[in-house]
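Colleague: no sequence for this one, just the structure:
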């Protein structure tokens, strides 16, 4: 057992223990508060709805614990258990070039991983989501989506991976700068083309038909200095009864998308308030800031990968007998999350700060009470728990808990 193997195992068990501890805290905290609706929600949410939300959240967390055990065992089998090395040595018997061998390895690894994850995806969709009344997906639609995702991987992702592998092989010590530039440019391109070419493969998008609501939204956008190429309604209800709204695209290809079931559950004033929140992200340049942060983090990641690629201990420490460019790439992607998990709260902290800022902006552009009413409805209809464990929430949740968010909105309304 090499020194790096010991370091990896230490971080692996630290990550596992942290996740398990956080899950147990979440379950215990929700169970302890299941019997009573928080005071600030008692007039709008019944005890039955509150308890159903608690049961839904606990069920998902318990399921995530089973998934955690399984995925952790699979990771150990792939790495120090020798699974990746066995697959790699078999592929090497075909004596293809390094790039072709790498593409075959990545495809085989992805397919095997997908098959292993499939029972968990099926159980989550057709047992948990079905039990709590959210699932609208049919088996046919489920597997059709899988086939489409596989085809997109072959058409879009594989050429990108091939190019990155070529850069790793051909561009010398600083290949990672060129690879990062290609990856970053590709990411921006995908943000631009996703609304027009990829999203319609999975959902139907139609123009918003409610003219009074459309006029209200256009006035809000005009006040905020936001231009959009369309206000669209997506048939999200064909897969799930969870509602949502979001911006997509960039530049002149920006679009506002509402789930059809969101429009059914909120009135016009509440929809306007929700959109004002989303516009707050635009006005506060949160998306731009996240792009810059993503660029910096991935540049650092490529640089670390560039260093590790030339270190024999990196391969041998993770059960690989024959170093290669593609193995360096996939090993780094596979184990980096283990080393980065303890820093997860930093990302959540920034995201929650942005959510508060977007809420403050919404309170200036629309009635804060309408946003509060919309949030309460969405929490109720999506069975989001009103009583998350504070530490669990600070670690995982990109949005502040409902009580804190509503308290902040009330302060913004009074300011």
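Modeller: Happy to help now that I have it. Bear in mind that the values here come from a model prediction, so they are computed numbers and not experimental data.
Colleague: Can you pull out the low-pLDDT segments for the stretch 51-200 of the chain?
Modeller: Within the stretch 51-200 of the chain, not a single segment meets pLDDT under 70.
Colleague: all helices in it, in order from the N-terminus.
Modeller: 83-92, 98-123, 129-131, 139-152, 158-170, 175-193 (DSSP state H, counting those that start in this stretch).
Colleague: nearest to residue 289, of those?
Modeller: Distance to residue 289, taken as CB to CB, is lowest for helix 175-193 among these, at 14.7 Å. (C-beta placed from N, C-alpha, C; glycine too.)
Colleague: For the nearest residue to residue 395 once chain neighbours are set aside, identify the helix or strand it belongs to.
Modeller: In this structure, residue 395 finds its nearest non-sequential neighbour in residue 345, 5.2 Å apart by CB to CB, 6 or more residues apart in numbering. Taking DSSP states H and E as the definition, residue 345 sits inside helix 344-365.
Colleague: could you say what helices and strands the following helix or strand past that helix packs with?
Modeller: Per DSSP H and E, the first helix or strand lying C-terminal to helix 344-365 is helix 368-381. Helix 368-381 sits against helix 47-78, helix 260-265, helix 268-283, helix 344-365, helix 402-414, with contacts defined as 3 or more CB pairs under 8 Å, 6 or more residues apart in numbering; DSSP states H and E.
Colleague: Now with 7 Å, please.
Modeller: Under the contact criterion of 3 or more CB pairs under 7 Å, 6 or more residues apart in numbering; DSSP states H and E, helix 368-381 touches helix 268-283, helix 402-414.
Colleague: Now do residue 198 against residue 50, distance only.
Modeller: 38 Å (CB to CB, to the nearest Å).
Colleague: before we move on, what about residue 115?
Modeller: Taking CB to CB, one finds residue 115 at 39 Å from residue 50.
Colleague: Neighbour count for these two, which is higher?
Modeller: Neighbour count, other CB atoms under 10 Å: between residue 115 and residue 50, residue 50 has more, with 24 against 9.
Colleague: Against residue 113, how distant is residue 104?
Modeller: 15 Å.
Colleague: higher neighbour count, those two?
Modeller: When residue 104 and residue 113 are compared for neighbours, residue 104 comes out ahead with 18 against 14, by other CB under 10 Å.
Colleague: Just give the nearest non-adjacent residue to the more buried one, would you?
Modeller: Counting by CB to CB, 6+ apart, the residue nearest residue 104 is residue 91, at 5.3 Å.
Colleague: burial of that neighbour, as a residue count?
Modeller: By other CB under 10 Å, neighbour count at residue 91 equals 19.
Colleague: got it, and residue 325?
Modeller: When neighbours are counted by other CB under 10 Å, residue 325 comes out with 19.
Colleague: which residues does residue 284 contact?
Modeller: Shown in contact with residue 284 (CB atoms under 7 Å, 6 or more residues apart in numbering): 354, 357, 358, 361.
Colleague: ok, now how distant is it from residue 76?
Modeller: 42 Å.
Colleague: repeat for residue 302
Modeller: 26 Å.
Colleague: So for the two, which residue has more residues nearby?
Modeller: Shown here are residue 302 and residue 76; by other CB under 10 Å, residue 302 has more neighbours (22 against 15).
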